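Visitor: Next input, structure requested:
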Amino acid sequence: MNRLILPLFLLGSLFSFSQKEFDKFGPMGSEVYTDLKTALAIEKKVYKLDLSFQKLDPKMFEKLGKLTDLQALKLGTNEVTTYPKNFDALYNLIYFASYNNKFTTFPPNLKPFFNLHYIEIQHSLIDSIPAQIAYLNKLQSLKFGNTDDTLKFPVTFHFLKKLTDVSIENCILDSLPKQLFNLPLLNYLNLSNTNTHYITRHFERLPNLEILIIENNPIKVIPFEIYKAQKLRVLSLRGNSIEKLPDSMSQLQNLTLLDLRGNPISAEELEKLKILLPGCEIKF
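Guide: Okay, here's the model as predicted:
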């Protein structure tokens, strides 16, 4: 299996984006601690902890669960491979992100994390999303990617009814997970470089979908039923094998951007699309 390598500048952009998300969470004006030893010495009312680009002392990391007030935690390039034994004591977490740590699983006990709104794991060794993710019934954003393995979705994924934002990138999906099409509040879906071969026809199950990004995959056909995603504003299909789009695209009256770069679409087909979508910017 070919290794999926992310350039360093893209890894930096991931951290930059995560920082913006990280800043949203926790009490307004609360201090962001960047030293675990200092945070543990204070212990109470430590709400935000950013440990990016730090090699952590394993003995110190094992004490992380003492920060029970913690609401936002970001890890990155810490040379850790397992979670502290008392990690589930962090039941106040709203935001959790890990970058470039070789975890092999999600946190082993997800049940206490009922407050989580945002979870992101990049560059890990994880090959499946656990069934326990169903306990995260407040989860709004899930971002996962940059692994060397096939990612498996649990059948319980459809219980995450609050999800509005899902991004799965740079890993391998055997097929488009049908569980993604049972999320009525889903607004943003990104499945880029995931070996996705086809798109489901059940767009009526995503009435709030506004942004759909499925780039760098071997997709050849876009289903006629895509018009049922009536709120769709942005559709990016870069780097696929699409030669033609269905005439039903004309019914996507809110579509403002269609990106078709890297597809074998003829000039004739492009002209037809311009007529079908007069108010849409088409990139090719």
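
Visitor: Below-threshold pLDDT in the protein: ranges please.
Guide: 1-18, 174-175 (pLDDT under 70).

Visitor: For Leu258, grab phi and psi.
Guide: In terms of degrees, to the nearest 10, the main-chain angles of Leu258 are phi -130, psi 120.

Visitor: Pretty sure it sits against Ile282.
Guide: Yes - using Cβ atoms under 8 Å, Leu258 makes contact with Ile282 at a distance of 4.9 Å. Just so you know, the C-beta spots here come from the backbone N, C-alpha and C atoms, and that holds for glycine as well.

Visitor: any residues in contact with both of those two?
Guide: In terms of Cβ atoms under 8 Å, 6 or more residues apart in numbering, Leu258 and Ile282 are both contacted by the residues Leu273.

Visitor: So between these two, which is more surrounded?
Guide: Leu258 (20 against 16; other Cβ atoms under 10 Å).

Visitor: which residues of the chain fall in strands?
Guide: 32-33, 48-52, 72-76, 95-99, 118-122, 141-145, 165-169, 188-192, 211-213, 234-236, 257-259, 281-283 (DSSP state E).

Visitor: how far out from the middle of the chain is the fourth one?
Guide: Its chain's C-alpha centre lies 11 Å from the corresponding centre of strand 95-99 when counted by Cα atoms, centre = their mean, to the nearest Å.

Visitor: which residues touch Pro27?
Guide: 47, 71.

Visitor: Try it again at 7 Å.
Guide: Counting by Cβ atoms under 7 Å, 6 or more residues apart in numbering, Pro27 makes contact with Tyr47.

Visitor: any idea how far the closest residue to Lys178 other than its chain neighbours is from Gln179?
Guide: Nearest residue to Lys178 in three dimensions, chain neighbours excluded: Thr200, at 6.6 Å (Cβ to Cβ, 6 or more residues apart in numbering). With the distance defined as Cβ to Cβ, to the nearest Å, Thr200 ends up 11 Å from Gln179.

Visitor: One more: Gly29?
Guide: Taking Cβ to Cβ, one finds Gly29 at 38 Å from Gln179.

Visitor: neighbour-wise, which of these two wins?
Guide: Set side by side, Gly29 and Gln179 show more neighbours around Gln179, with 16 against 6, by other Cβ under 10 Å.

Visitor: Hmm, that one is touching His158, no?
Guide: Yes - the pair Gln179 / His158 is scored as a contact, 4.8 Å apart, by Cβ atoms under 7 Å.

Visitor: now the helices for this structure?
Guide: 8-24, 36-42, 58-61, 267-276 (DSSP state H).

Visitor: Now those in a markdown table, please, with extra columns for distance to Tyr135 and mean neighbour count.
Guide: Formatted as a markdown table, the helices of the chain follow (distance: least, Cβ to Cβ, whole Å; neighbours: other Cβ atoms under 10 Å):
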| stretch | distance to Tyr135 | mean neighbour count |
| --- | --- | --- |
| helix 8-24 | 21 | 14 |
| helix 36-42 | 26 | 14 |
| helix 58-61 | 24 | 13 |
| helix 267-276 | 44 | 13 |
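
Visitor: and the ones you listed as TSV, adding distance to Ile213?
Guide: Formatted as TSV, these follow (distance: least, Cβ to Cβ, whole Å):
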stretch	distance to Ile213
helix 8-24	14
helix 36-42	36
helix 58-61	35
helix 267-276	18
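
Visitor: quick one: which of those is nearest Ile214?
Guide: Of all those, it is helix 267-276 that lies closest to Ile214, at 17.2 Å by Cβ to Cβ.

Visitor: Show me what the closest one packs onto, helices and strands only.
Guide: Judged by 3 or more Cβ pairs under 7 Å, 6 or more residues apart in numbering; DSSP states H and E, helix 267-276 is in contact with strand 281-283.
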